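J.: could you work out the structure for the sequence below:
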Amino acid sequence: MRDQFAAEVSRLGKGRPLPGGSGYEPKKVIFAILMENGAELSIDTLFPFSQVTLAHVARVLGTYGIDVEVIGIPAA
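T.: A predicted model of the protein is given here:
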């Protein structure tokens, strides 16, 4: 899976390889969530399924030493 991820990043990044090659392991993953109608990102503005999914993903990634950050992106 890492090799596929590295290939996709290379393709989308116009040939720029990941640091460290295909054995690259991220230190942090950032989930950016588009917010509508000027809403602020909070636990109350996420659907319950999204809350559970983000918590699960953060827990799993944490077992690999990967930090998770969630940010809101205001709608244009």
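J.: for the helix or strand of the chain with the lowest mean pLDDT, buried residues please.
T.: Lowest on mean pLDDT, DSSP states H and E among the helices and strands of the chain sits helix 2-12, with a mean of 76. By neighbour count with 16 or more other CB atoms under 10 Å, helix 2-12 contains the buried residues residue 6. Placement of C-beta: from N, CA and C, glycine included.
J.: what about the helices in this structure?
T.: 2-12, 48-63 (DSSP state H).
J.: columns distance to residue 36 on top of those, output as JSON lines?
T.: Converted to JSON lines, these look like this (distance: least, CB to CB, whole Å):
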{"stretch": "helix 2-12", "distance to residue 36": "26"}
{"stretch": "helix 48-63", "distance to residue 36": "14"}
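J.: which one, of these, ends up nearest to residue 73?
T.: helix 48-63 (14.6 Å; CB to CB).
J.: and that closest one, C-alpha only, in CSV?
T.: Only the C-alpha atoms of helix 48-63 are listed here, as CSV (Å, rounded to 0.1, in the frame of the first residue of the first chain):
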residue,chain,number,x,y,z
PRO,A,48,-22.0,11.3,14.4
PHE,A,49,-20.6,8.8,11.8
SER,A,50,-17.8,11.3,11.0
GLN,A,51,-17.0,11.7,14.7
VAL,A,52,-16.7,7.9,15.1
THR,A,53,-14.7,7.5,12.0
LEU,A,54,-12.2,10.2,12.8
ALA,A,55,-11.8,8.9,16.3
HIS,A,56,-11.1,5.4,15.0
VAL,A,57,-8.7,6.6,12.3
ALA,A,58,-6.8,8.7,14.9
ARG,A,59,-6.6,5.7,17.2
VAL,A,60,-5.3,3.4,14.5
LEU,A,61,-2.8,5.9,13.1
GLY,A,62,-1.7,6.6,16.7
THR,A,63,-0.6,3.0,17.1
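J.: for it, buried residues please.
T.: Those buried within helix 48-63 under the rule 16+ other CB under 10 Å are 54, 58.
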